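> Here is a sequence together with a model predicted from it:
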Amino acid sequence: MKKFDLLILGSGPAGDDLAKKAAEAGKSVAVIDGLFGGTCALKGCTPKKAMESITSIYWEAKHAQGKGFDKNIAPIEWRSLMAHKAKFTTLVPGGTKRKYKRYGITAIEGYGTFKDEQTVIVNKKEYTGKHIIIATGGKPTPLPFPGADHLITSYDFFELDELPKKIAIVGGGYIGFELSHIIRACGSDVTILSMDEQPLSAFDSDHVDTLVKATLDKGIEVKLGFSVSEVVPENNGFRITSKRADGKEFTHQADLVIHAAGRTPNIDKLQLTNAGITLNKDKGVAVNDFLQVKSHDHIYALGDVTGRLQFTEVAKYEATIVFHNLYSKRRKKVNYFGLPSVVYTYPRLAMVGKKSVDNKSKYIVRNEDAANHFIQRAKSNTHARFKTIVDKKSKKIVGAQLLGYQAEEGINLIAMAMQLEVDYDKMRDFFFAYPTMGHTAKYLF
């Protein structure tokens, strides 16, 4: 049995950051994973963002048609886009292992299973750690309908050699909308099948409705309130049957069907019951405010495996918290106040803080169309909104949502103001470059 100060299951942003910090502190560290680099770097946000950065240029150019751009703009060429994406992903697994070697971190290839609360088995070998970290991330949620095994996941999407002509996406969340905008920019027909009448429920309904209109304007079909009931192979493709709550049925033909209907904590192979580790309501590992599992002080869980806030930035932040709590005298609790999130469509949809407030008499709430703002008009973006919520007494910002060009940059500045407890009067005094979304953000309160 090999023993380490820190035994980490998972090499994504959470496990990777924690491993480096601990190794730099002189601790003996081992990282267990089947493919080094993690979902974000290999099959998630990194390849998606590499592709979206190109396809959003296409949509910008489409908005600029007749204003200096040719009216006949060809769609993005799929193979060239995939070659661009590969520059960000291909070398990650080997590079991660080489990095670990430089840091003196032991890389154990395979998938870990708990034998008990002290021991993890990988390929029939036993390992133990003074502290054990569960950071195995998430995976696509299993789907219940017949024919679900015919769907590819977003993981598979990033490895397609060719992009079929007709594609259906099951799921109307972040991934579904983001992939639809990428696919349509590459010239394929795409349909979003969302079981929710109001998709992207974390966001304000006015903003989501406007994003749906922007999506429809791109030639993307959006079917809301339709739950897929069956997928059947037919004519070298698939017949997808979906139904509404009122019984209305929709049948759709597609060459390819993509599963984008949510993610769930990746715990199946861990055998957590052997270690007496319990789950939370999100079917993730249950942890306290210090990120310790609720049954054992020496075991921690962080990142998507807890099923709570599934963002790369949260995983990295939690790695910092766990490192502090492992090797400092005074522990810290997690604090997610001011965490922004973004849907990387074109235009972007971004938010931070509260979506709404119950007692509106205590707050100043603005929810307005923003298509007339200069930065949006300059980009010919007609789908733009903003919503801001400010405490009347303290003048502190408690929530904001932005839809439009550079929304992700505007929300970053507002999130920073919230985290630093800067009131909106002070924010208006800041110097920002003009014209930018950051400059516009000063005047949204």
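Done, it's in.

> element containing residue 156?
helix 154-157 (DSSP states H and E).

> Would you mind listing the buried residues in that helix?
Neighbour counts over helix 154-157 (16 or more other C-beta atoms under 10 Å) mark 154, 157 as buried. C-beta coordinates here come from the backbone N, C-alpha and C atoms, glycine included.

> so what does that helix touch, helix or strand wise?
Counting contacts by 3 or more C-beta pairs under 8 Å, 6 or more residues apart in numbering; DSSP states H and E, helix 154-157 is packed against helix 38-43, helix 174-185, strand 256-259.

> and those as TSV, adding distance to residue 11, mean pLDDT and mean neighbour count?
Formatted as TSV, those follow (distance: least, C-beta to C-beta, whole Å; pLDDT from 0 to 100; neighbours: other C-beta atoms under 10 Å):
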stretch	distance to residue 11	mean pLDDT	mean neighbour count
helix 38-43	5	93	23
helix 174-185	22	98	24
strand 256-259	24	98	24
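
> who wins for proximity to residue 371 among these?
helix 174-185 (18.6 Å; C-beta to C-beta).

> and the gap between residue 408 and residue 247?
Distance of residue 408 to residue 247, given as C-beta to C-beta, to the nearest Å: 40 Å.

> Could you pull out the helices in the stretch 201-350 of the chain for me?
Here the stretch 201-350 of the chain has its helices, by DSSP state H, counting those that start in this stretch, at 205-217, 312-327.

> how far does the longest one sit from the chain's center?
Relative to the chain's own centre, helix 312-327 is displaced by 18 Å; criterion: C-alpha atoms, centre = their mean, to the nearest Å.

> list the buried ones in that helix?
In helix 312-327, counting by 16+ other C-beta under 10 Å, buried: 312, 314, 315, 316, 317, 318, 319, 321, 322, 323, 325, 326.

> how about the last one, what does it touch?
By that I understand residue 326. 6, 22, 131, 300 (C-beta atoms under 8 Å, 6 or more residues apart in numbering).

> one step back: neighbouring strands of the helix or strand following the helix holding residue 156 in the sheet, and parallel or not?
As assigned by DSSP H and E, the chain's next helix or strand after helix 154-157 is strand 166-170. Paired with strand 166-170 in the same sheet, following DSSP bridges, are strand 189-194 (parallel), strand 256-259 (parallel).

> Can you name the residues in contact with strand 166-170?
By C-beta under 8 Å, 6+ apart, the list of residues contacting strand 166-170 reads 143, 151, 176, 179-180, 183, 188-193, 228, 237-238, 240, 252-261.

> And stretch 302-317, by the same measure?
10, 12-15, 17-18, 39-40, 45, 133-138, 263-267, 280, 282-287, 291, 318-319, 321-322, 334, 336, 339, 341.

> Return the members of these classed as buried.
Looks like those have 10, 12-15, 17-18, 39-40, 45, 133-138, 263-267, 284-287, 291, 318-319, 321-322, 334, 339, 341 buried, using 16+ other C-beta under 10 Å.

> quick revisit: ok, residue 408 and residue 247, which is more surrounded?
Applying other C-beta atoms under 10 Å to residue 408 and residue 247 shows that residue 408 carries more neighbours, namely 18 against 6.

> Can you tell me the element that one falls in?
Applying DSSP H and E, one finds residue 408 within helix 407-419.

> what is the rounded mean pLDDT of that helix?
Mean per-residue pLDDT for helix 407-419: 97.

> tell me which residues of it are tucked away?
So, applying 16+ other C-beta under 10 Å, buried residues of helix 407-419: 407, 408, 409, 410, 411, 412, 413, 414, 415, 417, 418.

> Any chance of the residues you listed in TSV with distance to residue 80 as columns?
Below are the buried residues of helix 407-419 laid out as TSV (distance: C-beta to C-beta, whole Å):
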residue	distance to residue 80
407	27
408	25
409	27
410	31
411	31
412	30
413	34
414	36
415	35
417	40
418	40
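
> In this structure, spot the helix with the most residues.
helix 45-63 (DSSP state H).

> That one packs against which elements?
Partner elements for helix 45-63 (3+ C-beta pairs under 8 Å, 6+ apart): helix 78-89, helix 174-185.

> Touching the first one from outside, list them.
Which is helix 78-89. Here helix 78-89 makes contact (C-beta under 8 Å, 6+ apart) with 41-42, 46-47, 50-51, 54-55, 158, 160-163, 186.

> ok, so of the contacts of residue 326, who is nearest residue 209?
residue 300 (40.8 Å).

> what about the closest one, distance to residue 333?
From residue 300 over to residue 333 (counting by C-beta to C-beta), the distance is 13 Å.

> For the two, work out which one has more neighbours and name it.
residue 300 (29 against 10).

> so the more buried one touches residue 286, yeah?
No: proximity of residue 300 to residue 286 does not meet the contact threshold set by C-beta atoms under 8 Å, at 11.9 Å.

> Include distance to residue 171 when you put the strands paired with strand 166-170 into a markdown table, please.
Formatted as a markdown table, the strands paired with strand 166-170 follow (distance: least, C-beta to C-beta, whole Å):
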| stretch | distance to residue 171 |
| --- | --- |
| strand 189-194 | 7 |
| strand 256-259 | 7 |
